[in-house]
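J.: sharing a sequence plus its predicted fold:
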Amino acid sequence: LHLFSNSVSYIVLVGKTGAGKSSAGNTILAREAFESELAAVSVTSKCKKERGEVGGRKVALIDTPGLFDTSLGNEEVLKRIKMCIGMSSPGPHAGLGRFTEEEKQTVKMIQDTFGEDADKYTIVLFTHGDKLKKQTVEEFVSKSDGLQEFIQKCHGRYHVFSNEVENPSQVTELLKMIDVMVEDNGGSYYTTEMYIKAEEEIKKKKQQILKESEAQMKKEMEELKAKYSGEMLEMQKEIVNLSREAEARAKAERQCPVQPPPNPTVYSYSSFSGVR
């Protein structure tokens, strides 16, 4: 079952600084969409969204700043992560990130901030799978009670990425897992009152942007009528309308940073992953 043939799959990347979130995003999109390098300070200082197409599917990845960044306090990082809500509205289909034993605090911190209900929409993504050597991921997981517990909370969903090796099948398998997960969730994305509010504000802003550009739109339509007629004219009109809608939506998302509600524990989103 192909769940997103006519829509976009939203994936949010969350985890600790140096977890390989940006590298994982680049692996999924098969291009250098996000800046990635080995550093103690998070290379990603604010949320960034990149779109692409994987196996005929439209995908939108939102990369977030790393937790425990030496240059930013966790409170500031969490505040910036919450800004991804507007970027992933109406809500993400899946969350990917990183988990290590020394960072159990990361798990608790993000769960407390975004709400445990998001576990139903979370996949544990182990990055740097090439470092496992002869050890299987199952053997690695069995050595950590905390990691086993977290995977169980995510309904046993986990996947392994080798960010150093070009292997399209690892991305294909991840997207298949997302398909199954979304189907298990009734075909829906993760949403909260926070996302509903974000979507309402974005739609309102989008309509405002479209209204402001009505004069330009009318001019473009007149130019099309001068060049085309019949079915070709209707086709060109549809192309222009779709492009205009997409541009207005993207502009509205950029102009609608959503502030978190007073109690982020009730209205939020979380995800993690990693291999050490």
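T.: Structure received. Numbering: from 1, shown residues only.
J.: only C-alpha atoms for contact and neighbour calcs from this point on.
T.: Noted.
J.: the longest helix in this protein is where?
T.: Assignment by DSSP state H gives helix 230-255 as the longest helix of the chain.
J.: can I see the domain layout of this structure?
T.: Taking automatic domain parsing as the reference, the chain has its domains at 8-184, 193-255.
J.: lowest mean pLDDT across the ones you listed, which one is that?
T.: The stretch with the lowest average pLDDT out of the domains of the chain is domain 8-184, scoring a mean of 72.
J.: ends of it, how far apart?
T.: Using CA to CA, to the nearest Å, the end-to-end distance of domain 8-184 comes out at 18 Å.
J.: mind listing the strands for the stretch 151-276 of the chain?
T.: Counting by DSSP state E, counting those that start in this stretch, the stretch 151-276 of the chain has these strands, from start to end: 158-160.
J.: apart from its chain neighbours, what residue comes closest to Ser142?
T.: The shortest distance from Ser142 to any non-neighbouring residue, by CA to CA, 6 or more residues apart in numbering, is to Gln148 (6.8 Å).
J.: secondary structure element for the one you found?
T.: helix 145-153 (DSSP states H and E).
J.: next, count neighbours for Lys197.
T.: Counted with other CA atoms under 10 Å, the burial measure for Lys197 works out to 15 neighbours.
J.: whoops, I mixed them up, Lys251
T.: Counted with other CA under 10 Å, residues neighbouring Lys251 total 15.
J.: please apply the same query to Lys205.
T.: When neighbours are counted by other CA under 10 Å, Lys205 registers 19.
J.: please report how far the residue nearest to Ser142 lies from Lys133.
T.: Plainly put, Gln148 is 20 Å away from Lys133 if you go by CA to CA.
J.: tell me how far the residue nearest to Ser142 lies from Cys154.
T.: Spatial separation of Gln148 from Cys154 under the definition CA to CA is 10 Å.
J.: looking at the two, which one has more neighbours?
T.: More crowded of Gln148 and Cys154, by other CA under 10 Å: Cys154, with 20 against 16.
J.: the more buried one against Leu147, yeah?
T.: No: taking CA atoms under 8 Å as the definition, Cys154 is not a contact partner of Leu147, at 10.7 Å.
J.: coming back round to it: quick check, the residue nearest to Ser142 in contact with Glu138.
T.: No: with the criterion set as CA under 8 Å, Gln148 and Glu138 do not qualify as a contacting pair; they are 9.8 Å apart.
J.: got the phi and psi for Leu125?
T.: Reported as degrees, to the nearest 10, the phi and psi values for Leu125 are phi -110, psi 110.
J.: okay, and the beta partners of it?
T.: Beta bridges link Leu125 to His159, judged by DSSP bridges.
J.: that one and His159 touch, don't they?
T.: Yes: the pair Leu125 and His159 passes the contact test of CA under 8 Å, sitting 5.0 Å apart.
J.: comparing these two, which shows the higher neighbour count?
T.: Neighbour comparison, Leu125 and His159: the larger count goes to Leu125, with 26 against 19 (by other CA under 10 Å).
J.: any idea how far Ser162 is from the more buried one?
T.: From Leu125 over to Ser162 (counting by CA to CA), the distance is 10 Å.
J.: could you do His128 as well?
T.: As judged by CA to CA, His128 and Ser162 stand 5 Å apart.
J.: repeat for Gly230
T.: 52 Å.
J.: and if you look at Lys211?
T.: When Lys211 is compared with Ser162 (using CA to CA), they lie 47 Å apart.
J.: neighbour count winner among these two?
T.: For Lys211 and Ser162, the more surrounded residue by other CA under 10 Å is Ser162, and the numbers stand at 18 against 11.
J.: hmm, Lys133 and that one touching each other?
T.: No: the criterion here is CA under 8 Å, and Ser162 misses it with Lys133 at 11.3 Å.
J.: which stretches in the stretch 1-150 of the chain count as helices?
T.: Under the criterion DSSP state H, counting those that start in this stretch, the stretch 1-150 of the chain carries helices at the ranges 21-29, 74-82, 84-88, 104-114, 137-142, 145-153.
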